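Q: prediction below, plus the sequence it came from.
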Amino acid sequence: MKPSILVARAVFPDLVERLRAWFEVDDNPEDHILDRPQLIQRLQGKAGVITTGSERIDAQVLDACPELRAVCNMAVGYNNLDVPACTARGVLCSNTPDVLTETTADFGFALMMATARRITEAEHFLRRGEWTRWAYDMFIGADVHRATLAVLGMGRIGQAIARRGRFGFGMQVIYHNRSRLPADTEAELGARYVDKPTLLREADHLVIVVPYSAESHHLIGAQELAQMKPTATLTNIARGGIVDDVALASALRERRIAAAGLDVFEGEPRVHPDLLAVPNVVLTPHIASATVATRRAMFTLASDNLVAALGCGPDAGRPPTPLNPEVLSRMRPGLT
Ligand code: DGY
């Protein structure tokens, strides 16, 4: 008998179809958001699940779904998964690194540019019919080329943004990260490691790309914003909660920094009303990885992880991007 799995959100139907070769698939083409009781109910008897950031898998869910063996997240970020709780119960977790790096970096750069050059603010003005004449200071913004790009979090996506800045726009690249990059990587990127206060102080354009965790919660709050230049911009494509949205809205309102570009929000899809009330912020609904090719690659990688983790396919027992590979040796015989 084929194992049963759940695909928790609507995704490309042709890619879901491929999973039927291996599994009994319960999918969600209507794209209902499953609350915790609904998720637990749909996971009964399921050996695996493909999740997105909207499903939280924690100890309570795992204990209520004892047959679950693999949780494959269609995202590189996995703060919706309690990985230690999964590991303790022998449940394999995976994410989707690499396949979205360049697409997400493209978006981060675009959002930073839109923020620096006030593109959406200017478009709203035009659409309101308020454009009646030229003025020397109409939507005057900040240069991106040759400015100082400050990257907070120099993982794969941070490095891809640094390359765009350095080689595409001649920017001075500084970065701060938990661990410093090897000297040859720094040299290749032309990036200079600095401490966090220096990063904030010197940034013309700060781009945040750190993963969310208890340690990165409100990594940027009122105190940090106060260290930035009044002409600086801040772009967050990482996760809501890394920036204190209320403190940011107040810094924007009082022009203590020039502008912000946000793709992620605390408590999204809700957006704090203070942010909606300030003009100098570009807001997008968590779409940094949203291109057809990349979203298909993300789902394909999540599927490959699930197929292999549940002991099927040519790579049975060897999922490509596990988060807790130590679980593999403990998985039930027959599944790996
Ligand atoms: C990720 O991959 O973590 C993105 O934020 C999800 O779209």
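A: Thanks, I have it.
Q: rest of the way, CA atoms for contacts and neighbours
A: Fine.
Q: so which bits of the stretch 51-200 of the chain are right by the ligand?
A: 75-77 (Cα under 6 Å from any ligand atom).
Q: ok, and the most crowded of the residues you listed?
A: Among those, Ala75 has the most neighbours (other Cα atoms under 10 Å), with 22 neighbours.
Q: which SS state does the nearest residue to that one once chain neighbours are set aside fall under?
A: Nearest residue to Ala75 in three dimensions, chain neighbours excluded: Thr96, at 5.2 Å (Cα to Cα, 6 or more residues apart in numbering). Here Thr96 is coil, with the state taken from DSSP: H, G, I helix; E, B strand; the rest coil.
Q: which ones are touching the residue in the stretch 201-336 of the chain that the ligand sits nearest to?
A: Distance from the ligand to each residue of the stretch 201-336 of the chain (Cα to the nearest ligand atom) is smallest for Ser289, at 5.5 Å. Ser289 sits next to 100, 103-104, 107, 295 when contact means Cα atoms under 8 Å, 6 or more residues apart in numbering.
Q: repeat that for 10 Å
A: Residues near Ser289 by Cα atoms under 10 Å, 6 or more residues apart in numbering: 75-76, 99-108, 237, 295, 298.
Q: for the ligand, what are the nearby residues on the stretch 201-336 of the chain?
A: Ser289.
Q: the stretch 201-336 of the chain: strands as residue ranges?
A: Along the stretch 201-336 of the chain, counting by DSSP state E, counting those that start in this stretch, strands occupy 205-208, 233-236, 259-262, 281-283.
Q: would you list those in JSON lines and tack on mean neighbour count?
A: Shown next, in JSON lines, are those (neighbours: other Cα atoms under 10 Å):
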{"stretch": "strand 205-208", "mean neighbour count": "26"}
{"stretch": "strand 233-236", "mean neighbour count": "26"}
{"stretch": "strand 259-262", "mean neighbour count": "28"}
{"stretch": "strand 281-283", "mean neighbour count": "23"}
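Q: take those and lay them out in CSV including mean pLDDT.
A: Shown next, in CSV, are the strands of the stretch 201-336 of the chain (pLDDT from 0 to 100):
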stretch, mean pLDDT
strand 205-208, 98
strand 233-236, 99
strand 259-262, 99
strand 281-283, 98
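Q: how near is the spatially most central residue of the chain to Ala203?
A: Nearest residue to the geometric centre of the chain (Cα atoms, centre = their mean): Ala238, 4.5 Å. For Ala238, the distance to Ala203 equals 18 Å [Cα to Cα, to the nearest Å].
Q: point out the other helices and strands that the longest helix seen in the chain packs with.
A: Determined from DSSP state H, the single longest helix within the chain is helix 292-309. If you count contacts as 3 or more Cα pairs under 10 Å, 6 or more residues apart in numbering; DSSP states H and E, helix 292-309 packs onto helix 13-19, strand 48-51, strand 70-73, strand 92-94, helix 101-116.
Q: which neighbouring elements make contact with the shortest one?
A: Yep, that's strand 92-94 we're talking about. Short answer (3+ Cα pairs under 10 Å, 6+ apart): strand 92-94 packs on strand 48-51, strand 70-73, helix 83-88, helix 292-309.
Q: and among the ones you listed, the most buried is which?
A: strand 70-73 (a mean of 28; mean count of other Cα atoms under 10 Å).
Q: which stretches of the stretch 51-200 of the chain form helices?
A: Secondary structure of the stretch 51-200 of the chain, counting by DSSP state H, counting those that start in this stretch: helices at 59-64, 83-88, 101-116, 119-127, 156-163, 169, 183-189, 196-202.
Q: turn those into TSV, including distance to Pro211 and mean pLDDT.
A: Formatted as TSV, the helices of the stretch 51-200 of the chain follow (distance: least, Cα to Cα, whole Å; pLDDT from 0 to 100):
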stretch	distance to Pro211	mean pLDDT
helix 59-64	21	98
helix 83-88	14	98
helix 101-116	14	98
helix 119-127	27	98
helix 156-163	11	98
helix 169	26	98
helix 183-189	20	98
helix 196-202	16	98
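Q: rewinding a little: my read: the residue nearest to the centre of the chain touches Met154, true?
A: No: counting by Cα atoms under 10 Å, Ala238 does not reach Met154; the two are 11.8 Å apart.
Q: shared neighbours of the two, which are they?
A: With Cα under 10 Å, 6+ apart as the test, Ala238 and Met154 both reach 208-210.
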